[in-house]
Structures are given as C-alpha cells and as structure tokens.
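**Student:** Take this sequence and fold it.
(one chain, ligands or ions: 1)
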Amino acid sequence: MCDSVVVAPSFLERMISHAQSTFPLECCGVLGGKKSVVTSVYPLTNDLASPTQYFANPKEMFQAARKMREKSENMIGIYHSHPHGPSTPSLTDQEKNYYPGLFYFIISLAEAEPVVRCFVMSEQGIFSPIPIV
Ligand SMILES: [Zn+2]
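**Tutor:** Numbering: from 1, shown residues only. Take a look at the predicted model:
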C-alpha cells in the first residue's frame, strides 16, 4: 500500500466547494487516478439527501466509471463530507462502507475552515490516516 496520496490543490478545492454547495447535507463523489495520484474529481448526487449519510446516485456512478475508462483512469478513491462532524470516519462509515484499498477522503465543515483528510481501509476494515501531498 502507498504511504501517501497525491492531490493537486485544485482537486481539493473542488471537493471542498462541492461539500459547501450541498451543506447542510452530505456530498459524495469518486476520484479517478493512477496508482496514488488523483487525476479527476467526479462529484455525484447523494441520493439520500441526508446530513449524516450518503449513497451515490448509481446512474452518475456508472457515467463516472465510463469517463474514467475513456481517460484510462482507475477509480482510486471516494469522498464525502461531514457537514457537522469531524474529518474522521464515523461509525456509519466503519459499518456501512467496505472499500479496502481505496483512498477514502472526508471533508469536514464543522470547523472554521474546511478540513480534508484521507484514510485507507485495511482488509480487516480498519481505517488508517494517510498524508495528502
Ligand atoms: Zn462519513
């Protein structure tokens, strides 16, 4: 597994502005890239329209997957926001999501400034923080 993930500032800003635009509801999206370098951000609709949960719209997810194929990208990560919570995986994240090997970005809007952190999930389902560079 990689020990860091490479994300251009413009992509971080894209995730943050998506999170701000759906506030106070959670936003979600997927990230295309190669190995540990993010090369595209695909914002998706949260079909649950909830402040505490998300479920990516399947049709948009399919379209994003097709765009990634066209650009020879892989889906290397997912992101969602915590409008009122910390930038760490919630209990719901631990229980409901099982994405070992993917970069798992969380945008918190609970502080004065938006905070983005990244985690990876082990095969055992344990989240570990990973630096964004
Ligand atoms: Zn969450």
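
**Student:** make it CA atoms for all contacts and neighbour counts henceforth
**Tutor:** Fine.

**Student:** tell me the contacts of residue 52?
**Tutor:** Residues in contact with residue 52, defined by CA atoms under 8 Å, 6 or more residues apart in numbering, are 25, 26, 82, 83.

**Student:** let me fix that: residue 25
**Tutor:** With CA under 8 Å, 6+ apart, residue 25 has these contacts: 49, 50, 51, 52, 83.

**Student:** and if you look at residue 83?
**Tutor:** Taking CA under 8 Å, 6+ apart, one finds 19, 23, 24, 25, 26, 51, 52, 107, 108, 109, 110 in contact with residue 83.

**Student:** swap in residue 85?
**Tutor:** Residue 85 makes contacts with 108, 109, 110, as judged by CA under 8 Å, 6+ apart.

**Student:** Buried subset of the residues you listed as a ChimeraX selection?
**Tutor:** Filtering those down to the buried ones (16 or more other CA atoms under 10 Å) takes a single ChimeraX command:
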select :108,109
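
**Student:** What about the contacts of residue 85, which are in strands?
**Tutor:** In strands, defined here by DSSP state E, the members of these are residue 108.

**Student:** and which of the contacts of residue 85 is nearest residue 133?
**Tutor:** residue 108 (18.1 Å; CA to CA).

**Student:** how close does the closest one get to residue 13?
**Tutor:** Distance from residue 108 to residue 13, counting by CA to CA, to the nearest Å: 13 Å.
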